[in-house]
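Asker: would you be able to build a 3D model of this:
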Amino acid sequence: MMMTKKYKILSKFVKDMSSETPNVETYLHVKDNISKYHLSIDINSKAIKNKLIEISTKFSFQDPDEKTKKSFFEIIFATIIKIEAEVENKKDLEKIILCDSQIEIYPELERIFLNLLEVSGYPGVKFEKKVNFEELYLQRVN
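Answerer: Numbers count the residues shown, from 1 in each chain. Sure thing, here's the model as predicted:
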């Protein structure tokens, strides 16, 4: 049984993008160690009006261990969605925000983020595994 999509993405845009490498020594160090970097994801949402919701998906990419020589990369990607009238349940709404819409925007967001890394001097970075929003959502709910 195919479930009907209960929301529509009206618009998407980069709200904020940041790449920080303070100096050449750091750059050279990071180039050798970028494989240790971790991606963390943070999702926030706020209701606008008339069933419109702004979702902010933040990707941060940094070395969890390094104290001195580190670069920092971050993007905040905004998605504006319109929720269908029949969505009343808070759980359904949560799933749309944290899971369904994220799965839909992820390929574009990943492409933009990897492009940011590339133009920051770190070409060829790949995220080992795709983010499983379904799994993250279930972990959060249970």
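Asker: switch to C-alpha atoms for all contacts and neighbour counts from now on
Answerer: Fine.
Asker: name the single longest strand found in the chain.
Answerer: Counting residues, the longest strand in the chain under DSSP state E turns out to be strand 7-20.
Asker: how far off centre is that strand?
Answerer: In this view, strand 7-20 has its centroid 9 Å away from the chain centroid, taken as Cα atoms, centre = their mean, to the nearest Å.
Asker: can you map out the strands along this protein?
Answerer: 7-20, 38-47, 52-62, 72-83.
Asker: and those: which comes nearest N132?
Answerer: strand 38-47 (11.3 Å; Cα to Cα).
Asker: what strands line up against the closest one, and which way round?
Answerer: Sheet partners assigned to strand 38-47 using DSSP bridges are listed as strand 52-62 (antiparallel).
Asker: what residues does the strand it pairs with touch?
Answerer: 37-48, 70-83, 97 (Cα atoms under 8 Å, 6 or more residues apart in numbering).
Asker: beta partners of I53?
Answerer: A47, I81.
Asker: could you do S60 as well?
Answerer: Residues in beta-bridge contact with S60 (DSSP bridges): S40, E74.
Asker: so it versus E88, what's the distance?
Answerer: Distance, S60 to E88, using Cα to Cα, to the nearest Å: 32 Å.
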